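*Asks:* Model the structure of this input:
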Amino acid sequence: MRSGRQAAILEIIAKQEIETQEELCAELNKRNYSVTQATVSRDIKELRLFKVAGSKKKYKYAYIDDGNNKISPKMHNLFRECVLSIHSAMNQVIVKTLRGNGSNAGMIVDKLNFPEIVGSIAGDDTLLIVAVDVEKAAVVVEKLNEFLK
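*Replies:* Residues are numbered from 1 along each chain as shown. Below you'll find the predicted structure:
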């Protein structure tokens, strides 16, 4: 049941802009999947869905099938489109993004697995990356700017 429901979720978000879990519940119910918001929330986590800017709605759920932690072309394009600037301050790197895309940038940076990065924290429009030291922060900035190209 779960795999069928999750396949339906991917089909739904591929065909229409879904902004909330409630909207997704309603669409699944139309397809004879009796679900609660809690079930949909778990499915969203398992499928690793995230929100991007929509064309009709403010935000919409999206999915990138990247397989084995690799960066897909779609994910690369998402990073290029949402990042506004990258700067370092001491051993920290600050990535400014379009509103609502801090966590998307963070997810992509996490998948890059740069050894210079200790960790990161994402906000609405900012990603804070902590590097091993000042020199490694400069390396991270250089690598991320190269990734933007």
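
*Asks:* Summarise which helices and strands the host helix or strand of Ala38 is packed against.
*Replies:* Secondary structure assignment for Ala38, by DSSP states H and E: helix 37-47. Packed against helix 37-47, as judged by 3 or more Cβ pairs under 8 Å, 6 or more residues apart in numbering; DSSP states H and E, are the following elements: helix 2-15, helix 21-30. Every C-beta, even on glycine, is put in place using the N, C-alpha and C of the backbone.

*Asks:* just the strands in the protein please.
*Replies:* Secondary structure of the chain (DSSP state E): strands located at 50-53, 59-62, 83-89, 92-97, 117-122, 126-131.

*Asks:* now those in a markdown table, with mean pLDDT, distance to Arg31 and mean neighbour count?
*Replies:* What follows is these, written out as a markdown table (pLDDT from 0 to 100; distance: least, Cβ to Cβ, whole Å; neighbours: other Cβ atoms under 10 Å):
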| stretch | mean pLDDT | distance to Arg31 | mean neighbour count |
| --- | --- | --- | --- |
| strand 50-53 | 77 | 22 | 17 |
| strand 59-62 | 84 | 16 | 20 |
| strand 83-89 | 96 | 36 | 15 |
| strand 92-97 | 97 | 34 | 21 |
| strand 117-122 | 96 | 32 | 16 |
| strand 126-131 | 97 | 36 | 21 |
